[in-house]
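Chemist: Okay, here's the prediction I keep looking at, along with the sequence it came from:
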Amino acid sequence: MEFIYISLAVALVLLVLHFVMLKLSLNKEVRILVIIASLVGFTYWGIEPYAHHIMHPEVAEADFTFKDLKNVDTSLAGNAENGKVLVEANCIACHSIESAGFPQMMPNADAAASYGVVPPDLSSAGRIYDKNYLANFIFDPVSAMHLQHKYTPESGKSFPMPSYNWMSAQEIMDIVAYFESIAPKVAEGSEAHKQSFDAACGRCHSMAYAGSEALTPAETIKNYMGATPPDLSQYIKSRGHHYLNNFINDPQVLLHGTSMPRVGLTEKAQEEVIAYMEEVGDRKKAERETLGLWVMLYTLIFAILAYLWKRKIWSEVH
Amino acid sequence: MMDESRRGFIGKAFGAVAAVGGIASLIAMKKTWDPLPSVMSAGFTMVDVSGLEANKLEIVVWRGKPVFVLKYTEDMKPTDGRNVKIGDHYFSVMIGLCTHLGCIPAYLGDKHQFKCACHGGEFTADGVNTFGPPPRPLDIPPFKLDGVTLVLGEEGPEYKAMMAKA
Amino acid sequence: MAEFKKADSMLEWFDQRLGVVNFAKVMMTEYWIPKNINFLWAMGVLLTVLFTFLVVSGIFLLMYYKPDVNMAFDSVNYTIMQEVAYGWLFRHIHAVGASVVFLVIYIHMFTGIYYGSYKKGREMIWVSGMLLFVLFSAEGFSGYMLPWGQMSYWAAYVITELFGGIPFIGNELVVWIRGNFYVSDSTLTRFFMLHVLLLPLLIIGAIVFHFYALRFPHVNNEEGEFFDFDEEAEKYKAGDKKGSKVVAFWPVFLSKDFFVLGFFMLFFFYLTFFHYGFAMDAINFDKADGLKTPAHIYPEWYFLWSYEVLRGFFFDIAGISGKSLGLIAFGIANVIFFLLPWLDRSPMVKPANQRPYFKYWFWLMMADLVVLTVFGKLPPTGINAWIGFASSMTFLILFASLPFITKAEAKKAGGK
């Protein structure tokens, strides 16, 4: 319906334009150009922006506060010292924390075989995960990840990490404070981008065009997820910034029922992840944009000279 | 006079021979485009159904398409013209592409139902469309029975009987 | 062989052996074009330049492309786009050029229809031009398969599947075209051959033929006026350039073309560098997967109108299935333009707006083609399906009524 109204409006504008042009006795070639440009422009609008808007309806904006998670009172100030004790007692049996000197317990393939997926190293957990998300994740991982549909009681499946809902809010916030205190400071730029990507995505997703393979072996992850998580080399091109931004923030919104978890990245970490995807998937972007300007400048000069030459030649025949 | 008609005859004979050569080359070129023997023989997929678990969907690939093979449990009711009896059990054998836009539906064992994630189409365990946009039941690929082996790609008597009923 | 006398210059040396002086006259300085033209007459040269761009960029892509289902995707998206110096540039020029070439073809084609340039002695120009359109379509379709992305695969699947609708031989024909039961390695490699060798050869041949077909009836002009080219040419050569109705191809006509070309290239390079998404669909950056259908399948924009004619018939009429009706309509849509010179029964060669009835036909057809194009892309659900049906019917009815409309027009003009 919307389409019909817009078409009628465009037709009306064209008609008015046509009479205005006649009235102004504009050059005939200019009139032809205006008509062609309007027809082409309208068709373009129909098959690109309009069709896109129909095929990919807008979804809610990404929410980087994870306000649906309310199990832990995150206003409490955490005590990193106490958090360290709790982490050593509860986490390092499965997780490595390289930055705090807790090495990996077994090779990736073995870890994947035991847990289904390689458990994450927690070195940068305090940096890349949102505070509210992280606290609620510790309290109940499945609901934080929005994977309740996958780990139903009937499915017989259970998430490899237990819920720590028996801990007090204060204890959980102590753990969060500890992770924040040990997260290594990284410089800005492509190194940080890669690090965030590796920590947030690299356990399941490969990035063939950067030569990196998922930490969890392909067969194991297929078993664990139900399908092999895709290689992300060209995702910046096939999905684009906008989609990735919404999708990573909460996969269920755009792909209902997917077994990809909500990862809980902060806005900054997510920007870094997407920046890395662009650096790998579209590495000639800067070259393209600079060269583009020069080529257009050259063509402009070409066009102006062609016009002057044409004027000279035609002055002899007109 | 004699010369004239002789030239006419030779000219025609030459034209005919040239045409035969041309047609023969075209036939050769047409055959060069034919599917290779290896492709033709790979057009038949064998599935041994004896080891299949009831109510658990088996997906095999036949001519680049997924084919669903579903063994029925005792309490699932078979439909005439949609299920085939192999040994003591009924089976559904169907091309696993939604008849709407060709997505691959998922099997929900607890509901004995196929559900297509793309546009919400639903099918019964024997592939009949019951809800959503799919225009017709899932297609049944030509098959032949060879004991407990299902041969996809060849029309056997069981397949023909099913087609006659459907 | 007559004896050659010693040449005084290099030009003379070549002239003795190749007749270059006379050749240049016939082809350039004494090839006459009407003076009364506008920038729409530059589209032919634009197309020639774009085709050259496509050939040159194609040659460089060919150096790194691998026509194999396991290697094609990465050879394009990694090797060419990320490793080869300026590989991305050649790919962008090739992809955007392929899309824009159709825009210019359509403008060229509808210019011909608007000014009646297919009539009275110009039939072969029109037919050879339509032949080029069909060859370019085949070239575009086969090329779109090569990056082996999801849309490459599924467009190839859907379009080759269409041949299955042909009675009796359909199913065998599909398998024969694909070289397999499904779109596979053999399909990719044979379409690669078509795209880089057979079709370009035919296109070059058809271009030469198209140019040749222009020589006898001459190029049309803005008013559809007939005049004696030889007489006007004599006037021009005698020095009355202002009074003559013709100009020389070189340098006069081409100087105008280069001016149009300059500004057109500005637009083209803007698209190539900054706005290429319309020609390189995002979905095609997912590797082809025969077991995973994309949610929406659509062809490139220049096929949308005929694709919509195909889809427009979605229900059975009089016992004939919607699918067959669509296929028949699609077949008609693809050949009907060839017949235009014979469907238009009015001998009047004038711009459409000066023809009493034809002008309505022309603008209705333009509007219908725009609607078909837009709805060819939208999902065919709900009201969209009916709009598709109505606009497909409009297309067929417009063509069916053309002989009657133009006959009536001829009568009216004759009566005056």
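Modeler: Done, it's in. Numbering: from 1, shown residues only, chains lettered A, B, ... in the order given.

Chemist: B:Ile140 contacts B:Arg82, correct?
Modeler: Yes: B:Ile140 is in contact with B:Arg82 according to C-beta atoms under 8 Å; the separation is 7.5 Å. From N, CA and C alone the C-beta is placed, and that goes for glycine too.

Chemist: Next one, pLDDT for whichever residue of the stretch 151-300 of chain C sits closest to chain B please.
Modeler: Taking C-beta to the nearest C-beta, chain B has its nearest neighbour within the stretch 151-300 of chain C at C:Tyr182, 3.2 Å off. C:Tyr182 is assigned a predicted lDDT (pLDDT) of 91.

Chemist: any idea how the chain splits into domains?
Modeler: Looking at chain A here, since you left the chain open. Domain assignment of chain A by automatic domain parsing yields the ranges A:1-57, A:80-281, A:291-318.

Chemist: Switch to chain C, please.
Modeler: Domain assignment for chain C by automatic domain parsing gives C:31-287, C:304-416.

Chemist: Which residues of chain B lie near chain C?
Modeler: Selection of chain B residues close to chain C by C-beta under 8 Å from any C-beta of the partner chain yields B:30, B:33-36, B:39, B:43, B:61, B:63-66, B:97, B:101-104, B:118, B:133.

Chemist: Tally up the residues packed near the closest residue to chain C within the stretch 151-300 of chain A, please.
Modeler: Nearest residue of the stretch 151-300 of chain A to chain C (C-beta to the nearest C-beta) works out as A:Gly292 at 2.9 Å. By other C-beta atoms under 10 Å in any protein chain shown, 17 other residues sit near A:Gly292.

Chemist: give the contact list for it.
Modeler: Going by C-beta atoms under 8 Å, 6 or more residues apart in numbering or on different chains, A:Gly292 touches C:Phe269, C:Tyr270, C:Thr272, C:Phe273, C:Phe274.

Chemist: tell me the SS of C:Ala408?
Modeler: Under DSSP: H, G, I helix; E, B strand; the rest coil, the three-state class of C:Ala408 is helix.

Chemist: So what does whatever residue of chain A ends up closest to chain B look like in phi/psi?
Modeler: Nearest residue of chain A to chain B (C-beta to the nearest C-beta) works out as A:Gly257 at 6.5 Å. The phi and psi torsions at A:Gly257 (degrees, to the nearest 10) take the values phi 90, psi 0.

Chemist: wait, it sits on A:His149?
Modeler: Yes: using C-beta under 8 Å, A:Gly257 is in contact with A:His149, at 6.3 Å.

Chemist: what's the closest non-adjacent residue to A:Gly78?
Modeler: A:Ala177 (2.8 Å; C-beta to C-beta, 6 or more residues apart in numbering or on different chains).

Chemist: what number of residues lie near that neighbour?
Modeler: A:Ala177 - counted by other C-beta under 10 Å - has 20 other residues nearby.

Chemist: Over to the one 4 residues further on?
Modeler: Close neighbours of A:Ser181, defined as other C-beta under 10 Å, add up to 14.

Chemist: State the distance from C:Ile107 to C:Phe264.
Modeler: According to C-beta to C-beta, to the nearest Å, C:Ile107 stands 11 Å off from C:Phe264.

Chemist: List, out of the contacts of A:Gly292, those positioned next to chain A.
Modeler: Answer for these near chain A (C-beta under 8 Å from any C-beta): C:Phe269, C:Tyr270, C:Thr272, C:Phe273, C:Phe274.

Chemist: Counting neighbours, which of those residues comes out on top?
Modeler: Counting by other C-beta under 10 Å, top hit in these: C:Thr272 with 25 neighbours.

Chemist: Wait, a strand at it?
Modeler: No: going by three-state DSSP, the assignment for C:Thr272 is helix, not a strand.

Chemist: I'd assumed C:His94 was in contact with it.
Modeler: No: C:Thr272 lies out of contact with C:His94 (C-beta under 8 Å); the separation is 9.7 Å.

Chemist: coming back round to it: dump the contacts of A:Gly292 to CSV, plus distance to C:Phe229.
Modeler: CSV is the format used below for the contacts of A:Gly292 (distance: C-beta to C-beta, whole Å):
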residue, distance to C:Phe229
C:Phe269, 37
C:Tyr270, 39
C:Thr272, 39
C:Phe273, 43
C:Phe274, 44
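
Chemist: The residue of chain B found nearest chain C: how many residues sit nearby?
Modeler: Among the residues of chain B, B:Gly64 lies nearest to chain C; the distance is 3.2 Å by C-beta to the nearest C-beta. Residues near B:Gly64, counting by other C-beta under 10 Å, number 15.

Chemist: wait, doesn't it sit right on C:Phe181?
Modeler: Yes: counting by C-beta under 8 Å, B:Gly64 does reach C:Phe181; the two are 6.6 Å apart.

Chemist: contacts for stretch A:98-115?
Modeler: A:92-96, A:118-119, A:121, A:123-124, A:160, A:182-184, A:215-217, A:220-221, A:224.

Chemist: Tell me which of those residues fall in helices.
Modeler: The helices, defined by DSSP state H, take in A:Ile182, A:Thr220, A:Ile221, A:Tyr224 from these.

Chemist: Pretty sure the second one sits against A:Val117.
Modeler: Yes: using C-beta under 8 Å, A:Thr220 and A:Val117 qualify as a contacting pair, with a distance of 7.3 Å.

Chemist: ok, A:Phe42 - how many residues close by?
Modeler: Neighbourhood size, A:Phe42 [other C-beta under 10 Å]: 19.

Chemist: center of chain B - which residue?
Modeler: The centre of chain B sits closest to B:Pro141, judged by C-alpha atoms, centre = their mean, with a distance of 4.0 Å.

Chemist: Before I go, just wanted to say thanks for your time.
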